Each structure stands twice: as structure tokens, then as C-alpha cells.
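Peer 1: Could you look at this predicted model? Sequence included:
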Amino acid sequence: MKPFVPRHLKEWFFSENVSTHERARIPLILPFLLAFTAGLLGKQEKWFIAPYFASGITLCLSFFFLNRSTKNFSCKKASAIVALFTLGLFYPGKEPAKPGNIVHYIEEGKTVSLQGRLFTPPRVLEDRTFYFLDVESISTKTDTRNVSGKVRIAVYKRHKLLQSGEIIRFEKIRLKFPRNFKNPGRFDYRSFLKAKNIDLIGNVSQPETIVRLGHFDLPLFPGNEGKLLQAMVFGIKDPLPLNLKEAYLKTGLAHLMAVSGLHIGFVAGAFYFLLLPMLFYLLYRFKPDSARAGHSRKWAALFCLIPVLLYMVVVGAKVSSLRSGIMISAFLIAILINRKNSLFNAFLLAAFFILLWKPESLIDPGFQLSFLAVAGILWVINLLYELGKNPLSKLGEPPWHQNVPGKEPDSVDSSQSLRSKMKRFFLSSALISVTVTLATLPVLLFHFNRISLLGLFLNLFLVPLAAILIPGVLMVTCMGMVSQSLAFLPAMPLFYLTKLFLIIPEFAASIPYSSLYLATPPPVWVLLYYAVLVSGGYALLKTIQKKEIPFVFKSGWITATTLVLAMLIWPRVFHLQQNKLVINVLDIGQGESIFMEFPNGKTLLMDGGGFYKNSLDVGKVVIAPFLWKKGIDHIDYVVATHSDNDHIRGLDSVLELFPVKTFLTFGENIAGYRLKRLYKKAKEKQAELVSFNTNEPYEIGEATLTKLHPSPTGEPVIEGNRRVGNDLSLVARLKYKNFSMLFTGDIGEKVEEKLVKTYPELQVNVLKGPHHGSRFSNSDSFIRATKPEAVVFSSGYLNRMKHPHLETLNRYKKAGTRIYRTDLNGAVQIISNGQTYSVRTHDTL
Amino acid sequence: MKTPGSGFKLISTVLNLFFPQNCIYCSRERNGGGEYLCCDCFSDIGFIQDPMCFVCGVPADISYDLPGVEFSCGVCRQSPYQFDRARSLGHYDTVLRQLIHHFKYRKQLGVLSDIDGLLEKYFSGCGDDYMGFTVSPVPLHFNKMRERGFDQAFLLARQVADVLHAPLESALLRRVTATSAQATKTKFERAQNIKGAFEVNRPDAVEGKKVLLVDDVFTTGETANEAAKILKKAGAQKVYVFTLGRVVVGKGQDSL
């Protein structure tokens, strides 16, 4: 590394005006944690920049910190690093299903009967209820056997709630393996459920049985306030109204609902500072020497462990609560055993324990958010130490708020004015808010593609209030268990405080541009971003210390920052023009959505899928993430083939989330009311409505899209047929040099017939099979006329209509056509350079 | 400085990994030093040895002519202290200062075990000088103690009593006024500040007794002086003062 870094730059960066031995040391556990993490990363199949890049760099860091943390770089320690790395590599993650597990005995889609015990309270959503069943036995028509395993059961219709702990028999239930939408960059739903130990999911359409359940309620706090408090205090988010949840997401306050250091820290802090004076007085009264010897602190720490552990049990094993629970316990134990309570070390310990317990949490957004936020805060604290003029302040780790500039940590002052206290408090919460926002930005971007612009300010204001609210509610609830009327009085002010938490986020969310959706920047961006952040913080420190910043560094930093911003705003700024046409037939369950990237870089979305009764917002949950992960933040052309829900429902959200330049429309008289509504919405969203006319080739770069059907008047409308809507589907031919593909919407035989008659040269390379492969389309004559080399069907896995039909498949097989289907192959990508083409599937996602 | 068995060693290894504690002065691994100091820093703590003022214990400059064993310094001759003798373990600078800071302000009570070792070494030769003394801390005001959570002078006094095998009397005196901290004041201000701060709590335990007052730091001696005055008034036969650190003008007091 030496020759690459200019000497003076290196000196400036690493030199300290304090002699090295006064610098805070790096805990030995850091290199160990990094080594283990490197091992876990090495096991990940995911590529980040290059294979094993993340793992390798983490291992290098591990050795680097080992070198820094210990003067005598011993063989023993180095081999411990290697051992931990190996342990990580071979650390058992998810266990394979044991014999006797239910997964071995089911046939997907068949109705069976299940018996078992509900092991957690149900999740009650607006339109359905999820139960979690610990299965004991499964019965089919022929036999019954005892099995193990856990199943999540969705009940859609209204029914009396079942209670956790009850033994339940579900007479008629259809079971499925949890299934991912197999699009590149998708959310790994299967792993998500697997992490919750769910083996199978099932649906119940006719609810039967049961006993009335005692809701988990906060009786003192009725209404939405109560629901909000349940979410904030116990992390029970499901009963929250959707708009409130959305408001919290939008305003960057959702972290208040993940029980974390904020909560457990508040509880521990509140108990500690209430108990300490009480215990001190008591001890001083009865055993003054014990009070003088400082035993009250130890007793307070010991008693604080109890509510902390209880709270952790109530909240359950979630990453954020575990992290803070472990950190705070370590803190309290340090007081008990007379050790320095180093936050950094406790932080590393927590990470180590959590990774040992559940290695797959490494890629869990909750884990990443939680740890990055705390790491950011700790790093800033460390910078502030360096700032402190008194070299003594670099030792030990007193609470962070004593280290905001302007405060000498070693002075004995108790007589600080209220104003300076307020100022310090405000300064530190502002600093923390900024730090956390910056530190977690890439995680939010990569997992959720959404950042909140108001969050910074709202957190500043609401987090301190939450610090009062959360322990307050806990205490009032405990009081309420003894006597409702006693708790009523203190509950009142808390109730009104909660109202603030309802009103402010909802108001803030209603402000336009309170949050932004951003496409995912390329992976290198993450490295660059953190490099800019860390070196920027360091440079800021040096500036405050009135030290000259080398020009090389300054200019380098500014360049890098510009680069980071550019990649954020234009994620495809370094995307090379490849002169390739890429057609993605997406896996969106039952329905259809096709995304095309043209050789000139323009994009077109044809249809947006949609679930029955919109039970899943396909546009937002499936299509948008797919586009964002590709780095796409706007769409040039959108076209809707026809009025069916499973084709256009998702376009609603797409229009909400992405700016659309041009919306291709058909004539007024053939567009159904759903399409018309969509056109109206597109217009509201400033898309240009362009009429897409029959037989007028629409040129997009070198490619052309030609509409073949329907004719502007809608002729021939097939009267007396229930598939009128389908038969008005757009049929369009895409041509790029020598490559051609035909898109057929949901047309039926009659339209196929008409097409064959009207267009003698219908031959294409690839055909999008009409109507998801229905046997009432895909006629032999149509197949003969189009002569496709490959056909793609978009269809949902085990869909009710049984698309694509066996008969249809046979027709194509006979014609020698290769068959691709999204239910089995996942997203089907057709990539063409105008001469040849290749097809990529995503079967294993 | 014990020689631990293998089981103990394992526990301490784990403990050091979970709750690491490097030397509080040099930040290096402690490698068998104390609980908070490494070997080198431990031996860097220099005891105040003769020549020094027989009364207040201030170390004498080498340039002094040594008039005899029981000489007294200029300060003691000009305005005599009320106590009979004051001694300090070491200079209040570098390592010792760090140790006391950790103890008093960072509330790291673990350093007591290191201080214990120092006291044992310091008092190993002079146990006889303190025969018949009652050890008592310079009292801390209740409010201050509640704020801090403990009484550092009491903890030191307890250790000293332990080492000297002398009786400990924790509440001989009482602080009646909550004075502001002495640490940032001049000598004159300190004298004004501390005036009338103490009261004798148990006159019966003072009358005719020899008292060893213990505190953490001796700077100008005004606090110890005031306490000694009250004790003498109540009929104490002799008052000695012992502090862990000693501020000597021109030595390690950059923060004053």
C-alpha cells in the first residue's frame, strides 16, 4: 500500500498529535468478530462487486485490526482469527428439514386436514388473519400421520379469532411451499419465512370453529392511540391502520416501532435513575458505610437487569431488541464487576452473539440498520473524544451526551445552567439524528429504495418525546395490572402525548416530497459512500482542530462526493449502452407484466400484473423493486394491453412510484372504464398520452413496435361473448433488426384467426403465448402462422385456471417450440442483439 | 499481582475479552499488572520520600540545606497548619492522577484494588508511626455523595485502616455546608470556601484520641486544615493527615 499513498497524505491521516499510547485501544473482540463475519460472508452465494470480495475485505480488516489492537501480534491470536473464519465458513445456517417434517408429506395444492397448536398470537391484518400452527398431525383422505413443522395459515373471511396456545384442527386447508417471485433483485420471501421457522404456508377459505380470544390489549389506551402504543412499546405492528404505518414509513420514524436500544435503553435508564436515589437513601439510612462504599450503584444495576430481561422476553427474539438487550446487560454487568463499561465492546459482543445464534441475520435489513446506526453513533463519539482538548477525555467511555463539544467530561460541575443543559441535549440529539440517517442510508436504499427527507427533523423532535412515552407507558401498564383506577391518572398525559405521535407523522406524511423513492445505485457506490462519509468526518475533525487539510485529499474527497451524488441521482450514469434489446417477462404470480429495455436505453412497461381483490400490490411489491434494483427510476413508455385486473391493477402503483414519460393509449371507444381511469391517472402524473395506432410502427431507436390489433373502432367486437375484454387486447409486434417477438395479451381463438387472415407474414422468433396459455387461445393455426421458436407464458404457480393448459403445451410441443413459463422458470429474459437472441431464466431464485 | 491458578486464568481471559480493560495510563495490555494498570505504569508511581517537610510532607527541593530530620518548610513556619503531620503517597501527576480520576470522576471502583497494592507497599515500613490512631475520612457532603453514588475518601480510609490494622470511624465528622468544589480555586478562596464546613459528629470518639484523616488529594491543605481545626477543638490529641495524591507547586497541576 505504501507506494500508492503520497507520504504526506498518509502522515496526515495517521499521525496523531497525541502520542499513540494515549489513543483509545481497539478491543480484541473486533478482529475476532470480523473474522467470523468474513467466514459467514464467504458462505453467501450473493456476489458483491466480485465473488468473495466482501468476505476477503472483511478478513483483511480483521488482520488489520488485530495488528492495531495488540502490540504482540502472536501466532495464537492469528490462528484464532483463521479458526473463527473457518468456523464462519462452515457455520450451520438454516437447518435442512428433519425427517418427519411436514414438508415430506404434502402434495402442493391438495386439500388436507391439519392438527396442531397455535404457537404465537395471530397476526390480524385488515383483510386476513395469519395463524402460526405448530403441526402435530396431517390427514389426507386415505391416512393420518404424525408430523412436525410449522405452518402459517391465512384465513381470509371474518371469523372469531383463535387464541395462541389453543389446539386447532383445520379440516380443509391447501398447503404450499413459500414461493419467491423469481425476478432478479427480488425480496427473498422464502428465506424470510424460513428465518421465522415457517416451513409451509396455507390458506383456509371456509373458517370454522372456535373460542373467543382475549386480545392483547392496553386497556388504559383505547383506539388508535392504543394500537400505536402496542407497536411502539411491544413491537406489535399488525393491528395498526395501514395509513398510519405508511405515514411512519414515509417519515422515517418506523424505527420507533422496532423495539431497540431506544426502548430497552429507555427502560433501563428510567429504572436505573429512579432506583439509584431510592436505594441510596435506603442504604444510607440502614447501612451508611455500604452507601459510602457505592453499593447502591451495584444494587441499582442488578435490579435494572430484571426489567430489561423481562422486556426482552415480552418483545421476543428480534435482532434489534437482542442487540440492545445484550449491550445494556453488558453495561450493567460491567458496573457489577467493576469494569469499564465500554459501549463499543458491548456493541461488538452483541454482534458476535447474534451472529452465533442466527448467522443469516447478517443479510437481514433489521440487523444491518440496527448495527450500522449504533456503529455510526459510536464512531462519532470517538471523533468527539479526539476533539476534547483535555487528553484525559480520550480515556474511558463516559456517556455520549457528556462529550458534545463544549463540555469537559472530567469537571465536577453539577451547577450547569438549564440553558446549557438544553443546548447540549439539543446538540447531541441533532448529531445522533444526522449520524444515524447517514449511516443507515445505503441499507434503506438497497432494501427499501426509499428515503425520508423529513425524518431528520421529526426524529429530532419525537425521539426525546418517545424517551418519556415508552418507559411511562410501561410503568403505567404495570400499575394498571395492580389497579386500573390508580393508573388512570398518570395515563392521561401519556394518552395526549400519544396523540402527538398520531398527528405529527400523519401530517408530515401528507406534505409532498416528504419521502423519495430512489433506484438502487451500483454496488461500488456503497464502498464509495462509506469512504466519503468516514474520511469526511475525519476531515471535519481536523478542520475543527484547525489543521491544514492537504489539497490532494480535499480534491479527492470532493470528486468522490460528486461521484456518490451522481450515482445516487442517476443510478445508471455508468451504465454502458449495450445495443441490446432485453425483454423481461416478469414472474408476478397470476397476471402479466413485461418490461423491455431498448438498445437506445429507453424502457417500456407492458402491463403491471395485479392480484385478485388487490390482496398483493404487485406494482409496489414486485415490479417496483425489480426496476429499482436494476437502477431504473423512470419509465419512458407504458402500455396497458386491456382492462383485466391481472394485467393493469399493478400499473396504478407503478404510476405512483415512477415518473412515466409516455403512456400509449387506444381509441376512446375501445378502452374499458378501468383503462380510462388509468389514462386519467397517467395524465395527472404528467405522462404524455400518445395514441398508439394500428399499423403505424412506433419507433424506439432502431426497434419498432407495431400494433396489429385491435382496430381503432374495436372491430370486430365479438358480441355475446364473455371474453369481449380479452379480445380487445393489444397485439403488437416488436422488431429489432432481424429479431421479432409478438405480444398477444389475452386474445382468444377468434382474434387469432383474424390476425392469421389479416397478416400473412406473422412469423416471429418469440411468441408471448396468448391468455397465459389458455386452451381457448393458442390455436394450431395461430402456432403455424407465427412459427415461434420459443413461447413464453406468464402464469401464476398453481393458479386456479390451470394456465398454461396441458393441451396448449402439447400443441406447442408438437410444433417443436421451446416453452418457457414464469411459474416454473421465474422471470424469463430474452436478450437480443438484433441478429441472435438468448433466453435467461431464474428457476432457482 | 496474585499468582492465579489455571481456572482463574481462563475466567480472567474470558472476562478480558468480554470486558476488556487496558492500562488506564498507557492503554497497553496490562500483562499481569494490576486491574487497571500495567506493570510499567505501576512501578512509575513514585512515592514521596525524604527529604520532605516534617509537618506538611511537601517534598524538599534538593537545593535546600538539610537542617535536620525534623525540619519544616517555609509555608509551615509562616502559617502553621492545625494538623500535626500530613503525608501523601505520591505526586498527583501522570499515573497517580489518572488513577484518582478514574476512581473519583469515572466511578471506576475497580481501581481500588490497585490502590490497595500501593497502600500496602507505602505503609509497609511505617506502621508504627500510626499506632493508636483512629482512621477517619474527610467527610463528603450528603448531596455530593448522593450525586456521585459513593464517598471516595471513605473508601480510601477503609483501605488505609485495613492496611494499618487500625479502627475505622466513618462518621467522626460531618460536612454541614455544601461547599462548591475546591478543585478550581486559589488557596485563599479555598480557605474561605471551606470555613465552617465541618462539625464533629461524635465528640466522645474524638476527645483525647489520635485521628488519621484520609482524603484523596492534598493541594493547599485548606480542607485538611479546617477538619483538623474542628477535631482539635473537640479535644483530639493528635491529628495526622494522609492523602493519596499531593499537588506540589510546579508539579503536575496544569489543570489548576
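Peer 2: Arrived safely, thanks for sending. Numbering: from 1, shown residues only, chains lettered A, B, ... in the order given.
Peer 1: B:Y36 against B:Q108, yeah?
Peer 2: Yes: using C-beta atoms under 8 Å, B:Y36 is in contact with B:Q108, at 7.0 Å. (Glycine included, C-beta is placed from N, CA and C.)
Peer 1: So for the two, which residue has more residues nearby?
Peer 2: B:Y36 (27 against 23; other C-beta atoms under 10 Å in any protein chain shown).
Peer 1: Next, give phi and psi for the closest residue to chain B within chain A.
Peer 2: With C-beta to the nearest C-beta, the shortest gap between chain A and chain B falls at A:G294, namely 2.8 Å. A:G294 adopts backbone torsions of phi 80, psi 20, taken as degrees, to the nearest 10.
Peer 1: can you check A:L283 too?
Peer 2: Dihedral angles (degrees, to the nearest 10) for A:L283: phi -60, psi -40.
Peer 1: contacts for stretch B:128-138?
Peer 2: A:292, B:123, B:151, B:153-154, B:156-157, B:160-161, B:164, B:166-170, B:172-173, B:205, B:209-215, B:223-224, B:227, B:238, B:240 (C-beta atoms under 8 Å, 6 or more residues apart in numbering or on different chains).
Peer 1: Separate out the buried members of those.
Peer 2: A:292, B:123, B:151, B:153-154, B:156-157, B:160-161, B:164, B:166, B:168-170, B:172-173, B:205, B:209-215, B:223-224, B:227, B:238, B:240 (16 or more other C-beta atoms under 10 Å in any protein chain shown).
Peer 1: Select from those every entry located in helices.
Peer 2: Of the buried ones among the contacts of stretch B:128-138, the ones assigned to helices by DSSP state H are A:292, B:123, B:153-154, B:156-157, B:160-161, B:164, B:205, B:223-224, B:227.
Peer 1: Out of those, the closest to B:L244 would be?
Peer 2: For those, the residue nearest B:L244 by C-beta to C-beta is B:L156; the value is 6.2 Å.
Peer 1: The residue nearest to that closest one when sequence neighbours are not counted pairs with what?
Peer 2: Nearest non-adjacent residue to B:L156, counting by C-beta to C-beta, 6 or more residues apart in numbering or on different chains: B:V214, 5.1 Å away. Beta-bridge partners for B:V214, by DSSP bridges, are B:P137, B:F242.
Peer 1: ok, now the one 4 residues further on?
Peer 2: Using DSSP bridges, the bridge partners assigned to B:F218 are B:R246.
Peer 1: okay, it: pLDDT?
Peer 2: pLDDT for B:F218: 88.
Peer 1: how close does A:G376 get to A:L563?
Peer 2: 21 Å (C-beta to C-beta, to the nearest Å).
Peer 1: A:K287 too?
Peer 2: From A:K287 to A:L563 the distance is 65 Å (C-beta to C-beta).
Peer 1: The two - which one has more neighbours?
Peer 2: Using other C-beta under 10 Å as the criterion, A:K287 and A:L563 rank with A:L563 on top: 17 against 13.
Peer 1: Grab the nearest non-local neighbour of that one.
Peer 2: Nearest non-adjacent residue to A:L563, counting by C-beta to C-beta, 6+ apart: A:L528, 6.3 Å away.
Peer 1: wait, isn't the one you found in contact with A:V564?
Peer 2: Yes: here A:L528 reaches A:V564: they are 5.4 Å apart, a contact under C-beta under 8 Å.
Peer 1: out of the two, which sits in the more crowded spot?
Peer 2: A:V564 (19 against 16).
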